[in-house]
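Visitor: show me the folded form of this:
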Amino acid sequence: MSTLTSGASSRHSSSKSWIKVVAMTLLLAVVAFFLSPNAPFGAFWAPGPDVPVPTAGQLPFFILLNIGEALAFGLGISFLLFGYPAVHALSPASALLTRATHLSIVWLLANWWPHDSLHLHNGLALGGLLAIEYIFHVTLILAGVILAYFFLTMQRQSATASSGGR
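Guide: Model (predicted):
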């Protein structure tokens, strides 16, 4: 009886967790969308004067891209707040690698909205563009390396466990 109760309780808790993640993701996505450079409240990083204005045919695609980036940003911050226990539960790795993996996943999701917003704000000023590219691209590469190392650590641990520790 307690196993059935425990299973039902676990499913209920899992459902509540997903509801919190979805709610936080959507809330943050809406906030990010309205704080985007061309949005009503995005004046603090308004597009640079040399940024071309999209055509009527291009505009819906830029809006869809911004919605996707805002959703990814919201999901990234939700994963920052709620995702560590899931990474930790899977992890055969050290505490440092587990935390680095968690933060890498966050960064891979959340970086796109500020990245593109800074591109729009900076325009074609090469000094700013170079800084943006280094800050975002180098850290994305580093996040990919961390995730690859984490994956290899998990694979090595799995192989060791399946061979009986030999």
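
Visitor: centroid-nearest residue for this structure?
Guide: By CA atoms, centre = their mean, the chain has its centre lying nearest to L109, at 1.9 Å.

Visitor: pLDDT score for that one?
Guide: Here the pLDDT value assigned to L109 is 98.

Visitor: pretty sure it is touching A72, no?
Guide: Yes. Look at L109 against A72 with CB atoms under 8 Å: they come within range, at 4.9 Å. Where C-beta positions appear, they are placed from N, C-alpha and C, glycine not excepted.

Visitor: which stretches of this structure form helices?
Guide: 2-34, 59-82, 84-90, 95-110, 112-122, 126-133, 139-162 (DSSP state H).

Visitor: tabulate these (JSON lines), appending distance to D50.
Guide: Formatted as JSON lines, those follow (distance: least, CB to CB, whole Å):
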{"stretch": "helix 2-34", "distance to D50": "24"}
{"stretch": "helix 59-82", "distance to D50": "17"}
{"stretch": "helix 84-90", "distance to D50": "41"}
{"stretch": "helix 95-110", "distance to D50": "27"}
{"stretch": "helix 112-122", "distance to D50": "10"}
{"stretch": "helix 126-133", "distance to D50": "11"}
{"stretch": "helix 139-162", "distance to D50": "25"}
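
Visitor: closest to P49 out of those helices?
Guide: P49 lies closest, by CB to CB, to one member of those: helix 112-122, at 10.7 Å.

Visitor: quick one: average confidence on the closest one?
Guide: pLDDT averaged over helix 112-122 gives 96.

Visitor: helix 59-82 and that helix, what's the angle between them?
Guide: Put simply, helix 112-122 runs at 130 degrees to helix 59-82, going by axes from the mean of the first three to the mean of the last three CA atoms, to 10 degrees.

Visitor: give the other helices and strands that helix 112-122 contacts.
Guide: Here helix 112-122 touches helix 59-82, helix 126-133, going by 3 or more CB pairs under 8 Å, 6 or more residues apart in numbering; DSSP states H and E.
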